[in-house]
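A.B. asks: Sequence and predicted model, in that order:
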Amino acid sequence: MWGSTSFFTPDAVKQFNDRTSRYIPDIPTPVKLTAFSDRTFEFEVRTPPTSFLLKKAAGITAGSSRPGGEQVGTVTRRACYEIAKIKSKDLSVQYVPLEGIFKSVIGTAGSCGIKVEGD
């Protein structure tokens, strides 16, 4: 991605690699990149998508092709809570209570065709 532009210097790539080195390979890691006209930039490394974390917790590789009509896996409420704790680290939800993030995770599970079971 970065190699095709002259905007990013080797120092910028090093900074990016340093900040993302602790992440596990093959786990999608969204990045919000803001480039400024003075050739400076800032970036925010975010947590993996909720759907990815839910599919991993359910032990499936793909969500339902018919959300709401077909269930392809199950997760526990505890797993949803743990995913909510992970997602709470994102700056975009810094003012959202953990309970709200938890409810959002449950909603995403339903959209993926993943049933949430008690516990």
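C.D. replies: Okay, I see it.
A.B. asks: any idea whether residue 116 is helix, strand or coil?
C.D. replies: Counting by DSSP: H, G, I helix; E, B strand; the rest coil, the backbone at residue 116 sits in strand.
A.B. asks: Helix or strand for residue 75, just tell me which one.
C.D. replies: Taking DSSP states H and E as the definition, residue 75 sits inside strand 73-76.
A.B. asks: Show me what that strand pairs with in its sheet, parallel or antiparallel.
C.D. replies: Sheet partners assigned to strand 73-76 using DSSP bridges are listed as strand 114-117 (parallel).
A.B. asks: who does the longest helix seen in the chain touch, helix- and strand-wise?
C.D. replies: In the chain, with assignment by DSSP state H, the single longest helix is helix 98-112. Contacts defined by 3 or more C-beta pairs under 8 Å, 6 or more residues apart in numbering; DSSP states H and E place helix 98-112 against helix 50-58, helix 77-87, strand 114-117. In short, each C-beta sits where N, CA and C put it, glycine included.
A.B. asks: of these, which approaches residue 71 most closely?
C.D. replies: strand 114-117 (5.0 Å; C-beta to C-beta).
A.B. asks: ok, residues contacting the closest one?
C.D. replies: With C-beta atoms under 8 Å, 6 or more residues apart in numbering as the test, strand 114-117 has contacts from 54-55, 58, 60, 63-64, 71-77, 80, 106, 109-110.
A.B. asks: 6 Å instead, please
C.D. replies: 54, 58, 71, 73-76, 80, 106, 109 (C-beta atoms under 6 Å, 6 or more residues apart in numbering).
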